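Undergrad: just need the structure, nothing else, for what follows:
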Amino acid sequence: MSQRNQTLGEFIIENQASFKYTSGELSRLINSIRLAAKVVNHEVNKAGLVDILGAAGDTNVQGEDQQKLDVYANEKFIQTMTNRNIVCGIASEEEDDFITINSQDENHQNKYVVLIDPLDGSSNIDVNVSVGTIFSVFRRVTPVGTPVQLEDFLQKGTNQVAAGYIIYGTSTMLVYTTGDGVNGFTLNPAIGSYYLSHPDMKFPEDGRIYSVNEGNYIHFPQGIKDYIKYCQMEEGDRPYTSRYIGSLVSDFHRNMIKGGIYMYPKSSKASNGKLRLLYECNPMAFLAEQANGKASDGFTRIMEIEPTELHQRVPFICGSKNMVEKAEEFMRKTN
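TA: Predicted structure coming up:
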């Protein structure tokens, strides 16, 4: 039985049998993410003391300005997973194409690919607001022993075997699922270990928080505009409270604990939405569903969307089940 104050390492060993696959490879992969997260956390906490703030001077494949910490986090996660010889491929939001990992074993026996957003919300670093890392894990679909192919990464979210995030905030937490519920572990910086602090995390079925960038209201589809007005209406337990940090990990984490809905819909400025299906939406959808929540593009379950490209964007609505279903109701009315 898992207990509070159990270390992440102990938890992984104790729950090994509940993993969909029990070869130990997935456990080593989670451990490598844990290690890289500690390194990145150390650097995030030095922001302002060393030359790690500000833009790196480059743009990523999305056309977004890369922050210095984006580049650092990307390098550390790729380096850690590559050096530990546990994955056969990595796709990162910061890279144009996927990376093939040539195992030290000439037959390339590793079975897992990882898709990662190394530092979500990095534009908030300069003002000391929480940021995070998001990851998603799949078993490859091409033959083991051969170099990975694009189809190993373009899998529906329903095929995920693990997903999670690390939030670098007032405390640092690693939250993840392997398809058997969601558990959160808080880093004790004094000794460098993560301890189970939030076992069996669940979204309340209803919430009173809505998270959306209302500055883009005029560009939103009518269904989202109507739902926002519904949230603001004084009736029953409404109006709801508006809370928007601008860091997906932070907004999701708060809403999972307190109950709420996060929305990044399509708009007249971004016809497909802004968030990436593979690096952000799929892993968060997996976590949400495992925590009794729901994730949708307004009409379709996020994890049922068939990916067509590595950096595909989709509209994203996620959170407490009843709130998401109400938003979908408004979307259907105006479709």
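Undergrad: can I take it that Glu329 is in a strand?
TA: No. Glu329: not assigned to a strand; according to DSSP: H, G, I helix; E, B strand; the rest coil it is helix.
Undergrad: what's the helix or strand where Phe77 lies packed up against?
TA: Using DSSP states H and E, Phe77 sits within helix 68-83. Here helix 68-83 touches helix 25-44, strand 55-59, strand 89-92, strand 112-120, strand 131-139, going by 3 or more CB pairs under 8 Å, 6 or more residues apart in numbering; DSSP states H and E. For the C-beta atoms, the positions are set from N, CA and C on the backbone; glycine is no exception.
Undergrad: was I right about Asp117 contacting Ala163?
TA: No. Counting by CB atoms under 8 Å, Asp117 stays clear of Ala163, with 11.4 Å between them.
Undergrad: of those two, who's got more company?
TA: Set Asp117 next to Ala163 and count neighbours by other CB atoms under 10 Å: Asp117 wins out with 29 against 26.
Undergrad: in the stretch 201-335 of the chain, which spans are strands?
TA: All strands of the stretch 201-335 of the chain, identified by DSSP state E, counting those that start in this stretch, fall at 209-211, 241-242, 260-264, 293-296, 316-320.
Undergrad: need those in CSV with mean pLDDT, mean neighbour count and distance to Val44, can you?
TA: CSV is the format used below for the strands of the stretch 201-335 of the chain (pLDDT from 0 to 100; neighbours: other CB atoms under 10 Å; distance: least, CB to CB, whole Å):
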stretch, mean pLDDT, mean neighbour count, distance to Val44
strand 209-211, 98, 24, 22
strand 241-242, 97, 14, 27
strand 260-264, 98, 27, 22
strand 293-296, 98, 26, 27
strand 316-320, 98, 28, 24
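Undergrad: in the chain, what helix or strand scores lowest on average pLDDT?
TA: Least confident element among the helices and strands of the chain, by mean pLDDT, DSSP states H and E: strand 55-59 (a mean of 49).
Undergrad: point out where the stretch 51-200 of the chain drops to low pLDDT.
TA: 51-67, 103-108 (pLDDT under 70).
Undergrad: could you redo the last one with a cut-off of 50?
TA: 51-54, 56-57, 60 (pLDDT under 50).
Undergrad: tell me, how many residues neighbour Thr142?
TA: The local packing of Thr142 (other CB under 10 Å) involves 15 other residues.
Undergrad: my read: it touches Leu154, true?
TA: No. Using CB under 8 Å as the test, Thr142 is too far from Leu154 to be in contact (11.4 Å).
Undergrad: other residues contacting stretch 289-297?
TA: By CB atoms under 8 Å, 6 or more residues apart in numbering, the residues outside stretch 289-297 that reach it are 177, 179-182, 201-203, 205, 256, 273, 281, 284-285, 288, 301-303, 305, 314-321, 324-325, 327-328.
Undergrad: ok, Asp200 - contacts?
TA: 181-183.
Undergrad: go with 10 Å
TA: Residues near Asp200 by CB atoms under 10 Å, 6 or more residues apart in numbering: 2, 180-184, 290-292.
Undergrad: which one of the residues you listed is nearest to Phe252?
TA: When the contacts of Asp200 are ranked by distance to Phe252 (CB to CB), Ala291 comes first, at 10.0 Å.
Undergrad: how about the closest one: what's its closest non-neighbour residue?
TA: Distances taken as CB to CB, 6 or more residues apart in numbering place Val182 nearest to Ala291, at 4.4 Å, with adjacent residues excluded.
Undergrad: wait, isn't Gly24 in contact with Lys111?
TA: No. Applying CB atoms under 10 Å, one finds Gly24 not in contact with Lys111, separated by 11.3 Å.
Undergrad: and for these two, which residues touch both?
TA: Counting by CB under 10 Å, 6+ apart, the residues touching both Gly24 and Lys111 are Ile86.
Undergrad: show the buried residues in the contacts of Asp200.
TA: Buried members of the contacts of Asp200, scored by 16 or more other CB atoms under 10 Å, are 181-184, 290-292.
Undergrad: identify the farthest-apart pair in these.
TA: It's Gly184 and Asn292 that sit farthest apart of those, by CB to CB, at 14.6 Å.
Undergrad: if the residue positioned nearest the centre of the chain is in a bridge, with which residues?
TA: Per CA atoms, centre = their mean, the C-alpha nearest to the average position across the chain is that of Ile134, at 3.4 Å. Beta-bridge partners recorded for Ile134 (DSSP bridges): Asp117, Tyr165.
Undergrad: nice, that's everything, thank you.
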